[in-house]
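> Fold the following.
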Amino acid sequence: MFNYLILFCLLFVISPQSKAQVFTVEVTDYGGLDNSALLKAAIDRELQKFEDQVNTELPQEGPDRIMQGMANSSVMASKGIGKDYASYMNMYLIGASAGIAIDQQYDSTIDSEISGGGAALGLVIGTTARNLGIERFAGLDAKRLGIYANFMSYNHNQIIQSDPESESKLAADLFNLGIHFRYDWIDGTGNTMLGWGGLKLHWGYDYNQTTIIFENELDKNINLINLPNESGDSASIAGRITGSPRYQVKSVTHSIPLEISTDVRFLYFMTLYGGLGTDINYGKATGEGLLNGNVSPLACTSGAACVGITDLKVQVQANLDAEGRVDPLMLRGFTGVQLNVPYFRIFAQVDQAFGTELIAVSTGLKFVY
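Below is the predicted model:
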């Protein structure tokens with residue numbers, strides 16, 4: 001399942017509609033063929049076709065808006081995975097959850113419907129302050145105070161596309177941790193068949209780090225036949241272009257959430273919950289393009305225009321250099337549904353940052369005792 005989460009939140013990096021050429025093929029030495037404007041233009045035109053083909057499978061150019069979207073998505077992806085809104089534990093809670101976030105804000109500088117994505121996984125354990133031997137905490141009743149800690153580190157690698165001339169690889173490294181507190185502020189009313197859960201206060205800290213690496217292994221056969229020059233002569237050029245352009249986006253964010261929530265339970269088996277929150281955030285996302293390309297020689301193999309010509313020198317290049325900071329303050333709403341079976345809880349939750357197109361979805365399973 002996580003393979004699909006990774007691909008879903010990273011769809012923007014493999015859009016075939018990119019306007020910019022992130023991957024380029026630079027001719028560092030024409031070997032004398034640039035003395036003919038026709039030959040040079042014909043060579044550039046054929047290499048441009050190769051550029052266009054590769055760029056349909058690569059990340060878009062990394063403007064700051066994309067990096068800002070990645071940073072904001074990193075913050076939002078962890079909402080809901082390290083805390084609990086609608087369970088009532090007497091002793092302990094143990095669970096696992098996953099979250100994804102997408103910044104759907106359209107930006108005219110890029111040709112993409114979304115501006116960033118992120119993912120987070122979490123293993124969470126919770127208990128009450130009373131179970132830790134605490135009677136009072138900052139004036140709060142320890143029986144009403146829940147304490148939750150979450151942590152997860154995960155690496156994922158996969159081949160997106162493989163053919164004889166180009167193999168695309170995607171790697172994602174996820175790490176997050178957090179600690180959260182829930183205080184049952186106002187008691188609810190009703191019973192197990194129909195009841196209001198009261199009001200709960202939540203606060204804590206989230207750290208999320210995501211590194212995404214996209215790499216292409218290139219081995220392109222070049223065979224350009226009978227390219228003309230001004231005098232009517234021609235030249236044929238052949239060789240192989242090899243290289244491994246590598247693209248990296250790294251997001252590191254810190255977030256302090258402050259929330260209030262409530263819930264309603266129906267027929268014991270279903271609970272609907274929701275609330276409002278604000279997040280104080282710090283961090284950024286950084287994009288980097290790394291050139292791992294060889295200098296590839298292309299030989300002028302036949303034709304009168306090849307007389308006195310040395311090999312062309314060609315090198316592939318990558319460009320994804322940009323930086324974007326997370327929004328320092330977010331206001332958001334969230335809603336979720338939880339299914340209650342003896343000792344287990346299954347939940348799904350949606351968070352929306354107000355005034356933005358930033359949305360997150362999380363889901364998970366908890367054992368509550």
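
> mind pulling up the phi and psi values for the residue positioned nearest the centre of the chain?
In the chain, the centroid-proximal residue (C-alpha atoms, centre = their mean) is residue 118; its distance is 3.5 Å. Main-chain dihedrals, residue 118, degrees, to the nearest 10: phi -160, psi 170.

> pLDDT score assigned to it?
Note on residue 118: pLDDT of 89.

> can you check residue 41 too?
Note on residue 41: pLDDT of 88.

> For the nearest residue in space to the residue nearest to the centre of the chain that is not next to it in sequence, list the residues it contacts.
Leaving aside its chain neighbours, residue 118 sits nearest to residue 73 (3.4 Å; criterion: C-beta to C-beta, 6 or more residues apart in numbering). C-beta here means a position set from N, CA and C on the backbone, and glycine is covered the same way. Counting by C-beta atoms under 8 Å, 6 or more residues apart in numbering, residue 73 touches 9, 101-103, 116-118, 251, 358, 360.

> Pipe the residues you listed into a markdown table and attach secondary structure per row.
Output for the contacts of residue 73, formatted as a markdown table (DSSP: H, G, I helix; E, B strand; the rest coil):
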| residue | secondary structure |
| --- | --- |
| 9 | helix |
| 101 | strand |
| 102 | strand |
| 103 | strand |
| 116 | strand |
| 117 | strand |
| 118 | strand |
| 251 | strand |
| 358 | strand |
| 360 | strand |
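
> Sort out which one of those lies nearest residue 274 for me.
residue 360 (14.2 Å; C-beta to C-beta).

> For that closest one, grab the count of nearby residues.
28 (other C-beta atoms under 10 Å).

> Correct me if wrong: it contacts residue 351.
Yes: under the criterion of C-beta atoms under 8 Å, residue 360 makes contact with residue 351 at 4.3 Å.

> any common contacting residues for these two?
Jointly contacting residue 360 and residue 351 under the rule C-beta under 8 Å, 6+ apart are 76, 79-80, 101.

> which residues of the stretch 101-250 of the chain score low on pLDDT?
106-114, 161-166 (pLDDT under 70).

> Show the residue spans covered by the strands in it.
With strands called from DSSP state E, counting those that start in this stretch, the stretch 101-250 of the chain shows them at 116-128, 136-137, 140-141, 145-163, 166-186, 189-190, 194-228, 234-243, 246-266.

> Please identify the most buried of these.
When those are scored by mean count of other C-beta atoms under 10 Å, the highest mean neighbour count falls to strand 116-128 (a mean of 24).

> So what pairs up with the residue lying closest to residue 223 once chain neighbours are set aside in the strands?
Nearest non-adjacent residue to residue 223, counting by C-beta to C-beta, 6+ apart: residue 238, 4.9 Å away. Beta-bridge pairing for residue 238 (DSSP bridges): residue 223, residue 299.

> separation between residue 261 and residue 288?
From residue 261 across to residue 288, the span is 39 Å (C-beta to C-beta, to the nearest Å).

> which ones are touching the residue lying farthest from the centre of the chain?
Most distant residue from the mean C-alpha position of the chain: residue 231, 53.6 Å away (C-alpha atoms, centre = their mean). The contact partners of residue 231, taken as C-beta under 8 Å, 6+ apart, number zero.

> Next, give phi and psi for it.
Residue torsions, per degrees, to the nearest 10, at residue 231 are phi -90, psi 0.

> and what of residue 35?
Torsion angles, degrees, to the nearest 10, at residue 35: phi -70, psi -20.

> and the nearest residue to residue 115 once chain neighbours are set aside, what element?
Nearest non-adjacent residue to residue 115, counting by C-beta to C-beta, 6+ apart: residue 69, 3.5 Å away. According to DSSP states H and E, residue 69 maps onto helix 64-77.

> if we can go back for a sec, need the contact list for the residue nearest to the centre of the chain.
Residue 118 touches 9, 70, 73-77, 100-101, 208, 210, 251, counting by C-beta under 8 Å, 6+ apart.

> Give the bridge partners for it, please.
Bridge pairing for residue 118 - DSSP bridges - gives residue 101.

> pLDDT (mean, whole number) over the helix or strand encompassing residue 348?
Secondary structure from DSSP H and E places residue 348 in strand 344-353. Summarised as a single mean, pLDDT over strand 344-353 is 97.

> what does it contact?
Counting by C-beta under 8 Å, 6+ apart, 72, 76, 79-80, 85-87, 95, 97, 101, 277, 327, 330-339, 358-368 sit against strand 344-353.

> So what's the gap between it and the chain middle?
Strand 344-353 sits 20 Å away from the centroid of its parent chain (C-alpha atoms, centre = their mean, to the nearest Å).
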